[in-house]
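1. here's my sequence, what's the structure:
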Amino acid sequence: MNRKLQWIIGGVSLGVIVVCGTTLALWRTREAREFGRPHRVRTYGGTNYVVRLSEVTIGRSDAGPLVMVRLIFANPNPFDVTLERKWFILMDGDRDYFLPLEGATQPATIHLPAHGVVDNEMLVYHVDEDSFSGALALFAGHHYMVMLKEVEPYGEPLNLGEYRSFRRVTW
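-> Modelled structure (predicted):
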């Protein structure tokens, strides 16, 4: 091959690599933005709030598999809003429902100040062994679901004390 043909093949190959890398980066950025987009939730009483997913962490403790969901809440109302933690129900692909754990670090209510933001609120759920084999969704309001995980099964085993975090629905 002559030198000119080698330069052309090298340039075309480099161009294909750049286009593929850029497409992958744009796709992953769009997926992350979709995961963290704000969801406006309205209640029957007329109050509303905005909830955004920040991160989903899965792991295994002595009690079994865990799902930890970090949320960002915003209150656009001119008055305080109190949300019951038990309103945020986790549902897996088998239609099993899980209530968040409550305790000293997880009080029963979430207080949103007037025109305020509550950053990094965490909900912790003990789930079944097969909960990661399908979709996971969070009820963020009455009849309002936010997808945490797509239908594809999560195949990597989790050892005791091991945790993995995700900021997109494909995991």
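
2. next helix or strand past the lowest-mean-pLDDT helix or strand in the chain?
-> The helix or strand of the chain with the poorest confidence is helix 3-35; it has a mean of 77 (mean pLDDT, DSSP states H and E). Once the chain leaves helix 3-35, the next helix or strand it forms, by DSSP states H and E, is strand 39-42.

3. mind listing what residue 57 touches?
-> 66-70, 163-166 (C-beta atoms under 8 Å, 6 or more residues apart in numbering). C-beta: built from backbone N, CA, C; applies to glycine.

4. check contacts around the closest residue to residue 153 other than its chain neighbours.
-> Spatial nearest neighbour of residue 153, chain neighbours left out: residue 133 (4.4 Å); criterion: C-beta to C-beta, 6 or more residues apart in numbering. The neighbours of residue 133, taking C-beta under 8 Å, 6+ apart as the test, are 93, 153-154.

5. check the offset of the least confident helix or strand of the chain from the chain's centre.
-> From the chain centre to the centre of helix 3-35 is a distance of 28 Å (C-alpha atoms, centre = their mean, to the nearest Å).

6. quick one: buried residues of that helix?
-> Residues of helix 3-35 classed as buried: residue 35 (neighbour count, 16 or more other C-beta atoms under 10 Å).

7. with stretch 47-64 instead?
-> Of the residues in stretch 47-64, those buried (16+ other C-beta under 10 Å) are 47, 49-53, 56, 58-60.

8. and stretch 105-119, by the same measure?
-> Quick answer for stretch 105-119 (16+ other C-beta under 10 Å): 110, 112, 118.

9. about what we covered before: need the contacts of residue 133 in CSV (columns: secondary structure and distance to residue 145).
-> As requested, those are exported to CSV (DSSP: H, G, I helix; E, B strand; the rest coil; distance: C-beta to C-beta, whole Å):
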residue, secondary structure, distance to residue 145
93, coil, 13
153, coil, 20
154, coil, 19
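
10. before we move on, back to that, now tabulate the buried residues of stretch 47-64 in JSON lines and tack on secondary structure.
-> Supplementary listing: the buried residues of stretch 47-64 in JSON lines, determined by DSSP: H, G, I helix; E, B strand; the rest coil:
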{"residue": "47", "secondary structure": "coil"}
{"residue": "49", "secondary structure": "strand"}
{"residue": "50", "secondary structure": "strand"}
{"residue": "51", "secondary structure": "strand"}
{"residue": "52", "secondary structure": "strand"}
{"residue": "53", "secondary structure": "strand"}
{"residue": "56", "secondary structure": "strand"}
{"residue": "58", "secondary structure": "strand"}
{"residue": "59", "secondary structure": "strand"}
{"residue": "60", "secondary structure": "strand"}
